[in-house]
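S.K.: The sequence and its predicted three-dimensional model are supplied below.
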Amino acid sequence: MKLLKTLFALALAAAITALSAMGAEELDTAPAMTAAQAWLTRVDAGSYGESWDESAAYFQEKVPKVQWQTSLDTKRTPLGGMVARKIRKATYARALPNAPEGEYVVIEFDTAFENLPQSTETVTSMRGKDGSWKVAGYLIKPAP
């Protein structure tokens, strides 16, 4: 009986360890955040074409390069330079509305621009088939 309890305790410990490891893997948002911040550096520099080139294939399929550049020229450029950006939160997801199943990290930033002192930038990173993270979505909203 004592052996059975010991084996059960070991099996339970192994299961908890395995579940913890799975959860830690799913919650490790650092690589996605690093990719998003590098991508934002391109956008902040006005290198809109390069930001498209470095985006996820899914994004490139949905938004033609010329349309992306035009959109940022008309919406992002008038905001002026980025003054400050702070991560508000990063959320891991396996599914998002109107997107294929996969691995995503949705990152919200509190951002101040020269001509928009309070805004929320949302950058969605997507893990590619090769394991790399690339941006698959971008949105700027004025803070309420």
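M.R.: Cool, the structure landed. Owing to the predicted nature of the structure, the values given are computational and were not obtained by experimental measurement.
S.K.: quick one, what contacts the closest residue to Gly49 other than its chain neighbours?
M.R.: Spatial nearest neighbour of Gly49, chain neighbours left out: Gln69 (5.6 Å); criterion: Cβ to Cβ, 6 or more residues apart in numbering. All C-beta atoms are positioned from the backbone trio N, CA, C, and that covers glycine. When contacts are counted by Cβ atoms under 8 Å, 6 or more residues apart in numbering, Gln69 touches 48-49, 52.
S.K.: do Glu121 as well
M.R.: Each residue near Glu121 by Cβ under 8 Å, 6+ apart is listed here: 40, 85, 108-109, 111, 138-140.
S.K.: In ChimeraX, how would I select the buried members of those?
M.R.: The ChimeraX selection below is limited to those of those classed as buried (16 or more other Cβ atoms under 10 Å):
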select :40,108,109,111,138,140
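S.K.: Geometric centre of this structure: which residue is closest?
M.R.: Ser125 (3.1 Å; Cα atoms, centre = their mean).
S.K.: which SSE is that residue in?
M.R.: strand 116-127 (DSSP states H and E).
S.K.: rewinding a little: tell me which element the residue nearest to Gly49 is part of?
M.R.: Going by DSSP H and E, Gln69 is in helix 65-75.
S.K.: Helix or strand next in line after that helix, which one?
M.R.: strand 82-93.
S.K.: Parallel or antiparallel, list what pairs with whatever helix or strand comes next after that following strand.
M.R.: Following strand 82-93 in sequence order, the next helix or strand is strand 104-113 (DSSP H and E). In the sheet, strand 104-113 lines up against strand 82-93 (antiparallel), strand 116-127 (antiparallel) (DSSP bridges).
S.K.: Pretty sure Ile107 sits against Lys86.
M.R.: No. In this structure, Ile107 is not within contact of Lys86 by Cβ atoms under 8 Å, at 11.2 Å.
S.K.: who's more crowded, those two?
M.R.: More crowded of Ile107 and Lys86, by other Cβ atoms under 10 Å: Ile107, with 23 against 9.
S.K.: All set, thanks.
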